[in-house]
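# Next come a sequence and a model predicted from it.
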Amino acid sequence: MSDRRTICVNINGKAYEREVETRLHLADFIRHECLLTGTHVGCEHGVCGACTILLDGKTARSCLMLAVQADGKEILTVEGIAPNETELHPLQQAFQDNHGLQCGFCTPGMLTTLLEFLDENPDPTEREVREAISGNLCRCTGYQGIVAAALDAAKRLQAGT
Amino acid sequence: MGAKMFGARVSRLEDPKLLTGRGGYTDDMHLPEMLEAAFVRSPHSHARIKDINISDALKHKGVCKIYTASDLPDYLRNTTVPFQVPNPAISQPFQQRLLEDREVCFAGEPIALVVADTRYNAEDAATLVQVDYDILPGAADCKSALEDSAPLCHVDSPNNEGAKYKVGYGDVASAFANAHLTHSEEFWIHRGGGFAIENRGVVAQYDELDDVVTIWSATQSPFLVKQNVVDMLGWESDRVRVIAPDVGGGFGPKTIYYVEEALIPLVAKDLGKPVKWIEDRRENFLATNMERDQYWDMEIAVDADGKLLGVRGQMIHDTGAYMPWGIISPYISATTLPGPYVLPSYELETFVALTNKVAVTPVRGAGRPQAVFAMERLMDRAADKLGLDRAEIRRRNLIQTEQMPYALGLIFRDGKPMTYDSGDYPKCQEEALRLGDYEGFRHRQEQARAEGRHIGIGIANYVEGTGLGPFEGATVRIQPSGQICIYTGGGDSGQGHWTTLAQVCADKFGVGVEKIDVQKGDTGKIASGVGTFASRIAVNAGSSVHLASNEVRQKAIKVAAHMLEAAEEDMDIENGSVVVRGSDLSVSLSDVARAVQGMPGFSLPGGVEPGLEATHYFSPSQSSYCNGTAVVEVEVDPDTGHVDILNYSMAHDSGTLINPFVVDGQVQGAVAQGVGNALLEWMVYDDNSNPVSTTFAEYLLPSAPETPNVDVTHVESPTPINPLGVKGAGEGGTIPAAAAIISAIEDALSPWNVRIAAAPLTPSMIVNQVRAEKAVA
């Protein structure tokens, strides 16, 4: 039986109030109700990490949560990372400068995962970066560019550039 | 004049969009009134369908229509997927029907298509479709499938042999008769799928006003999709447009045309509303083509110096239940085996077995990693038996530069005699050995063993035919605004074509790459195309961009000469303007483009054709042959079977580099897939060929901690086959990876004399082999 609730979720600083089915998962809510399609769905069983978002500042797999569980919460998706329309966040810029992406499908989850990680660990080792993204699958890059980007971003963020 | 773009480490134009969530992938499309589709697929590997009942499903909320084979128009009920690449060696080229209602031959074969208002409702209703099956035994393992007693993959066929062929040259019999040493061994090599992080997906919309169906598909080959939809559905070519939007990884399986790509447009036209189908990961495991098993039963003959005399054997290839891409993968395997070596005689008989599994079609590397694995294992064996160093036996057999071009004596997949066009194989091997400090390794190994650690080094060489024809075209057009646009047919699934094709074009007009727009993968933008596979875009589309840019450049100069009343030979193009050298006279490309738009009633300047544009379809005379060497150092824990890749070095020759930054990324990513093939990726089936590993928790992809950094060095041997000297670069990293990694593991375990003849090699296999050898000792 369909069971609908009205929820209000703040995504990237904007409130989205929608009536949704209680079974709707959060990734589908973000993508198809709020039309923020930057968050990607790769496996829908919590392994690939492409759908990773920041929920009240903490990473979460949006394919493993229901939209109703996010009622009243604050979400940051890939669309909300850059400071403005024309500039990239230092982490995003580091991805471009280190060839940290190819097809771009896993990238949103990599970025959100690394945002949280670099916040907690501003001066990581390569091994720590690799562990941090061990729950995010990338099939294109062999991770080398991603790891280089994360280490480069750490430096840029520490230098405040 | 700005910095030279061709050959520069330019960062990618694609990135800002993809980094900010503004990419446009198939599932990102939201069209007004769009419906969503879900498939009912066979849960059995082999079964006869007795009855399909959709009545309960039809009552489900939101359901719009349900299609089974009997709901299709009469002419489509028994239509099968067009056979792409016929070959006389194929005796049973089974192809899939749009929807099956008689005999399903793999778990995942589509039986019904449910269209509803939402995907949730479509999936719910799909579970209510009742299909009554008579379960049949399945042809499972490809080796046993060829035995007389095996269950039949298709009940009406005489046996499970889909194709059989022999390749070879030279006098193999006397090579073996006169050999100093021979060695025979059987190898099992398994490769999994592409497993792009984005699954497949199709959106279709019928525009009644224009009578055109537009299909957006997560494909590598929009033109192949169009051609097949047109052939299969009998629609007029002008009434179909196929667009590959941003595609989230391809790796081969998205090259191939699938029935979903015809069904979704068919029902969108029928219903008069846009329809979307997005494959979920389970469907991807079940119904997206992959590579799988090959068994190689091989024998090598060498002389006392370790020089190759001959290789012979048999290979069994698992092709699955259908053959949409014919025998391309196993044929490439068979012709890849000789590799970079002077191999005087060779004979391989290949048996292609039909099994009740999803079709096997090329995955990155396309049959080559398996062949390289078999050959490189044989080289290691010969070295070990002769007491030669593994690198040394290879060095003694490598084709020398003065032997180029080198005719192999085989016919390649492109129908042309295999002639290696260029390459410096000895240098590549030397470079890789230097990069991996091969010379210092035995010392490192002694030290490690003194510490109780087991490290090993492995080496593997390969040659890869790349840049396959027939063609990939490009239109280069300078708009009256001055914008330079490139249009090309192949889709981009992460390769960075926008950047690299812009690099080929930019220098011709003295502009930076950011001034150039590349529109790819849209059958509405260029008349003909093929697709992004077989490491072919740099060669084919790159050469076409080069030729078309040159023509546009000449045309711009001709028109400008007319406009400025100057001599063409005095003119050049700098910074987006045509200039007269040694003067301040110039005219912008924008003004030239405006001039050749024409003015009503007046002739075009210089009598040129209208439009500042040119189209070329470069067609290579044969494949260009890329090569490389991988040297890998590993540490193995013999008690747990854990393998740590300590150092991965690769010397790679893909000819001239358009963008080393992008090529490095291609090599690194390709190596990671080879790591998966060596150690992790295993599509497991039960004895009745039902898939067992259908999640990423069961089928393991390489993740960041176990994937090594790759030290890449480029040897650039430009090919004479195309004007840029480029060869394909997308697959080379994968091809020698499993061979080199397994060789290194074997070397690490040499105290126990472990011999490995299989990939992937799981920790438990390592532990068991060490235990078995210990027991023997």
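Done, it's in. On a predicted model such as this, the values are computed, not experimentally measured, just so you know.
# For burial, what's the neighbour tally of residue 138?
Reading this off chain A. Number of residues near A:C138 (other C-beta atoms under 10 Å in any protein chain shown) recorded here: 31. C-betas here are computed from N, CA, C, even on glycine.
# wait, I meant chain B there
Neighbours around B:G138, by other C-beta under 10 Å: 27.
# Residues of the stretch 151-300 of chain B that sit close to chain A?
The stretch 151-300 of chain B has residues B:194-199, B:246-251, B:280-281 near chain A, with proximity defined as C-beta under 8 Å from any C-beta of the partner chain.
# residue boundaries of the helices in chain A?
A:26-28, A:90-97, A:107-120, A:126-132, A:144-159 (DSSP state H).
# what residue ranges in the chain score low on pLDDT?
No chain in the question, so chain A it is. A:1-2, A:161 (pLDDT under 70).
# please go with chain B instead
Within chain B, the stretches with pLDDT under 70 are B:1-2.
# again, only using 90
B:1-3, B:84-85, B:411-417, B:467-469, B:490-491, B:532-535, B:598-608, B:774-777 (pLDDT under 90).
# got a markdown table for the helices of chain A, with distance to chain B and mean neighbour count too?
Output for the helices of chain A, formatted as a markdown table (distance: least, C-beta to the nearest C-beta, whole Å; neighbours: other C-beta atoms under 10 Å in any protein chain shown):
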| stretch | distance to chain B | mean neighbour count |
| --- | --- | --- |
| helix A:26-28 | 8 | 25 |
| helix A:90-97 | 4 | 24 |
| helix A:107-120 | 6 | 23 |
| helix A:126-132 | 4 | 17 |
| helix A:144-159 | 4 | 21 |
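# Can you check which of those gets nearest to B:E100?
Of all those, it is helix A:26-28 that lies closest to B:E100, at 29.8 Å by C-beta to C-beta.
# Quick check: of the residues of the stretch 151-300 of chain B next to chain A, which lies closest to chain A?
Taking C-beta to the nearest C-beta as the measure, chain A sits nearest to B:G248 out of those, at 3.0 Å.
# For burial, what's the neighbour tally of the nearest residue to that closest one once chain neighbours are set aside?
Nearest residue to B:G248 in three dimensions, chain neighbours excluded: B:E198, at 2.5 Å (C-beta to C-beta, 6 or more residues apart in numbering or on different chains). Neighbourhood size, B:E198 [other C-beta under 10 Å]: 29.
# for B:E33, same thing?
Counted with other C-beta under 10 Å, B:E33 comes out at 10.
# hang on, it in a strand?
No - read with DSSP: H, G, I helix; E, B strand; the rest coil, B:E33 is coil and lies in no strand.
# is it true that the residue nearest to B:G248 touches B:V247?
Yes - the criterion here is C-beta atoms under 8 Å, and B:E198 meets it with B:V247 at 6.7 Å.
# what is in contact with the two at once?
The contact sets of B:E198 and B:V247 overlap at A:C103, B:Y25, B:T26, B:A218 (C-beta atoms under 8 Å, 6 or more residues apart in numbering or on different chains).
# Which residue is it, in chain A, that comes closest to chain B?
Chain B sits closest to A:G38 of chain A, with a gap of 2.0 Å, by C-beta to the nearest C-beta.
# and that residue, what is it in contact with?
Residues in contact with A:G38 (C-beta under 8 Å, 6+ apart) are A:T77, A:V78, A:E79, A:P108, B:T20, B:G21, B:R22, B:G23.
# Can you tell me the closest non-neighbouring residue to B:L700?
Nearest non-adjacent residue to B:L700 (C-beta to C-beta, 6+ apart): B:L680, at 4.2 Å.
# Check the gap between B:V596 and B:G655 for me.
For B:V596, the distance to B:G655 (C-beta to C-beta, to the nearest Å) stands at 35 Å.
# Bridge partners for B:A614, pull those for me.
Beta-bridge partners for B:A614, by DSSP bridges, are B:V476.
# Same question for the one 10 residues further on.
Residues in a beta bridge with B:S624, per DSSP bridges, are B:T466.
# That one: neighbour count?
31.
# now B:P600
Neighbour count of B:P600, defined by other C-beta under 10 Å: 4.
# Check the secondary structure at it for me.
Put simply, B:P600 is coil when judged by three-state DSSP.
# now it: how far from chain A?
41 Å (C-beta to the nearest C-beta, to the nearest Å).
# just B:G607 next, same as before
Distance from B:G607 to chain A, counting by C-beta to the nearest C-beta: 45 Å.
# likewise B:I459?
According to C-beta to the nearest C-beta, B:I459 and chain A sit 20 Å apart.
# Residue ranges of each domain in chain A, please.
Listed by automatic domain parsing, the domain ranges of chain A are A:4-80, A:90-159.
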